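1. 3D, please:
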Amino acid sequence: MLKKDLRLKFSSQRSQLNTEKISALSLVIANNILSLPIWHFTNYHIFLSIQEKKEIDTSDIITVLQGKDKNIILSKMVDQQQLKHFLLTDNTLIKKNKWNVPEPVDGFEIEANKIDVVFIPLLAFDEIGNRVGYGKGYYDSFLKACKANVIKIGLSFFGPVAKIEDVYDTDIPLDYCVTPNKVYSF
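-> Numbering: from 1, shown residues only. Below is the predicted model:
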């Protein structure tokens, strides 16, 4: 399928999920993450969920990271396809931007090349690790700025499609994708 068709299909499927289902599936995903071989790293980047888009609730994953005493890094959208990254602390003030994306107001900035693991929001992924996001290119630009061996982990309520037909050379594939039913490794 084409990315535009996958965006419509999976946005529609997500829209059918209620708050209780999202919460339950998100907790299973957080528990499934524990099986990944990533816990020897220090700096973990994670997104804060856009509730209006019925994204995976990442609060349980953040709790796991805090329990393992990891540095948690959040992004702020600053320019066209550009993100700044800030360490999450007890003093971090979170506000929604004009697109309803919760993000830190400011804080201790972390360079992308210092990040070890990135949890990536997505709408769909395929059997070889290609992903479909919202199509704005923020994560592709961000991942290009990361070190070459950064671990890229997609989070999805749904399993993979067979193939995304319109993958570009600039698209950066996942290393893993975690769903409620399975952890996929690419």
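2. regarding this protein, what is its longest strand?
-> Longest strand in the chain, counting residues (DSSP state E): strand 71-79.
3. that one pairs with which strands?
-> strand 43-45 (parallel), strand 82-87 (antiparallel) (DSSP bridges).
4. check these for me: which has the lowest mean pLDDT.
-> Comparing mean pLDDT across the strands paired with strand 71-79, the weakest is strand 82-87, with a mean of 95.
5. output it as CSV, nothing but the C-alphas.
-> Provided in CSV are the C-alpha atoms of strand 82-87 (Å, rounded to 0.1, in the frame of the first residue of the first chain):
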residue,chain,number,x,y,z
GLN,A,82,13.5,20.5,13.1
LEU,A,83,13.4,19.4,16.7
LYS,A,84,15.3,20.5,19.8
HIS,A,85,15.8,17.9,22.5
PHE,A,86,15.6,18.4,26.3
LEU,A,87,16.3,16.3,29.3
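6. next SSE after it?
-> Heading C-terminal from strand 82-87, the first helix or strand you meet, by DSSP states H and E, is strand 94-96.
7. what comes up buried for that next one?
-> Judged by neighbour count (16 or more other CB atoms under 10 Å), strand 94-96 contains no buried residues. No exception for glycine: its C-beta is placed from N, CA and C like everyone else's.
8. contact partners of that strand?
-> Strand 94-96 has contacts (CB atoms under 8 Å, 6 or more residues apart in numbering) with L48, L74, P102, E103, P104, V105.
9. now, of the residues you listed, which are buried?
-> Here, 16+ other CB under 10 Å leaves L48, L74, P102, E103, P104 buried among the contacts of strand 94-96.
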